[in-house]
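> the sequence isn't on hand, but the structure is:
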């Protein structure tokens, strides 16, 4: 049984994006070629790997298994090519990432990257975005995956996503209409903190900070304990927290950009290889971390008796 690398690579691109169109664009192929590669690979294994219709693409059980095999096949192919030709990507890459991304998307990205680029030594730094930006500017980090204000033009845009209000489901979270909205925020400076505070102030809604956190684990702990509300990038919202609906009376928070900041003196080939790996995964962010909305009741903010916050003025 033979699995040509180009067919395996095409299958992995489709499996990662769950889209023939996006896989074709990422690989620089036409959609008919992508379909042909998938069809030939399915013929080779003798089983369907994907279930697709005009609206969706879903991996079969065998397709899920093939994803792991595909990574191993491509990694072995890359290692063999590197051994015999000496043309594989090599070098040291200092990569920085914010802690919320490090807990969600980045582990899978780095696993695939290391499989496909065994000649690259990866040094990882996890910190807040502002600190990582400074380390990129000072030359201590080659590339950083961070969140910035939407449209500020810094770095290479990976995706733009909405910031949402979130709370723990079933914690009995309440606040009195006469009391300020309790907020759980990152320590300043923080784009998500700034957007949350600015939105409440512009809407004339009183608030108070009940928890100031240095990292995402503290934000999660306080939110899960029902101490107050927190703001999350929608695609990074953990499955055990729920997005508050518009009926909660809270203002919209706007959007944040997930971007890659690169030091101009960083090694070009390792940076480009990692950038390609991150961009290849970005289309699966929503499918991996689904968003659940708080079930609203007429005239109320949502579950657990959460009251509509007071508007002043």
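Nice, I can see it. Bear in mind that the values here come from a model prediction, so they are computed numbers and not experimental data.
> packing partners of the helix or strand containing residue 163?
In the assignment (DSSP states H and E), residue 163 maps to strand 156-168. Packing contacts for strand 156-168, counted by 3 or more Cβ pairs under 8 Å, 6 or more residues apart in numbering; DSSP states H and E, involve helix 191-202, helix 216-224, strand 229-233, strand 241-243, strand 255-262, helix 268-281. Where you see a C-beta, it was placed from the backbone N, CA and C, and this is true even at glycine.
> tell me what angle that strand forms with helix 216-224.
Computed by axes from the mean of the first three to the mean of the last three Cα atoms, to 10 degrees, the angle separating strand 156-168 from helix 216-224 equals 30 degrees.
> now strand 156-168 against strand 255-262, angle please.
Strand 156-168 runs at 130 degrees relative to strand 255-262, counting by the same axes, to 10 degrees.
> comparing the helices and strands packed on strand 156-168, which comes out most buried?
strand 229-233 (a mean of 26; mean count of other Cβ atoms under 10 Å).
> element containing residue 41?
Using DSSP H and E, residue 41 falls in helix 31-45.
> quick one: whichever helix or strand comes after that helix to chain centroid distance?
Moving toward the C-terminus from helix 31-45, the next helix or strand (DSSP H and E) is strand 50-52. The chain centre lies 24 Å from the centre of strand 50-52; the measure is Cα atoms, centre = their mean, to the nearest Å.
> what's the single longest helix in this protein?
The residue-count maximum for a helix in the chain (DSSP state H) belongs to helix 61-85.
> ok, residues contacting the helix or strand following that helix?
Later in the chain than helix 61-85, the nearest helix or strand by DSSP H and E is strand 91-97. Residues outside strand 91-97 that contact it (Cβ atoms under 8 Å, 6 or more residues apart in numbering): 106, 110, 119-127, 132, 135-136, 140-146, 266-267, 269-271, 274.
> paired strands for the strand holding residue 163, with orientation please.
Strand pairing for strand 156-168, determined by DSSP bridges: strand 229-233 (antiparallel), strand 241-243 (antiparallel), strand 255-262 (antiparallel).
> so can I have CSV of these showing mean pLDDT and distance to residue 72?
What follows is those, written out as CSV (pLDDT from 0 to 100; distance: least, Cβ to Cβ, whole Å):
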stretch, mean pLDDT, distance to residue 72
strand 229-233, 91, 32
strand 241-243, 88, 35
strand 255-262, 90, 27
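> how near is residue 191 to residue 92?
From residue 191 across to residue 92, the span is 30 Å (Cβ to Cβ, to the nearest Å).
> repeat that for residue 59.
Counting by Cβ to Cβ, the gap from residue 59 to residue 92 is 35 Å.
> give me the element residue 25 is part of.
Assigned by DSSP H and E, residue 25 falls within helix 20-27.
> now swap in residue 58 and tell me
Using DSSP H and E, residue 58 sits in strand 57-59.
> buried residues in that strand?
For strand 57-59, the neighbour count (16 or more other Cβ atoms under 10 Å) marks 57, 59 as buried.
> so which of the strands paired with strand 156-168 is nearest residue 202?
strand 229-233 (14.6 Å; Cβ to Cβ).
> ok, residues contacting that closest one?
For strand 229-233, contacts defined as Cβ under 8 Å, 6+ apart pick out 100, 147, 161-167, 173, 181-185, 192-193, 195-196, 219, 222-223, 238, 241, 244, 250, 253, 256, 258.
> next one: that strand to chain centre, how far?
Offset of strand 229-233 from its chain centre (Cα atoms, centre = their mean): 15 Å.
> what angle do that strand and helix 191-202 make?
With the same axes, to 10 degrees applied, the angle from strand 229-233 to helix 191-202 works out at 130 degrees.
> pretty sure residue 182 belongs to a strand, no?
Yes. Under DSSP: H, G, I helix; E, B strand; the rest coil, residue 182 falls within a strand.
> list the contacts for it?
Counting by Cβ under 8 Å, 6+ apart, residue 182 touches 175, 207-208, 210, 227-229.
> which of the residues you listed are buried?
Applying 16+ other Cβ under 10 Å to those flags 175, 207, 210, 227-229 as buried.
> let me know the closest of those to residue 44.
residue 229 (51.8 Å).
> next one: residue 64 relative to residue 11, how far apart?
Computed as Cβ to Cβ, the residue 64 to residue 11 distance reads 12 Å.
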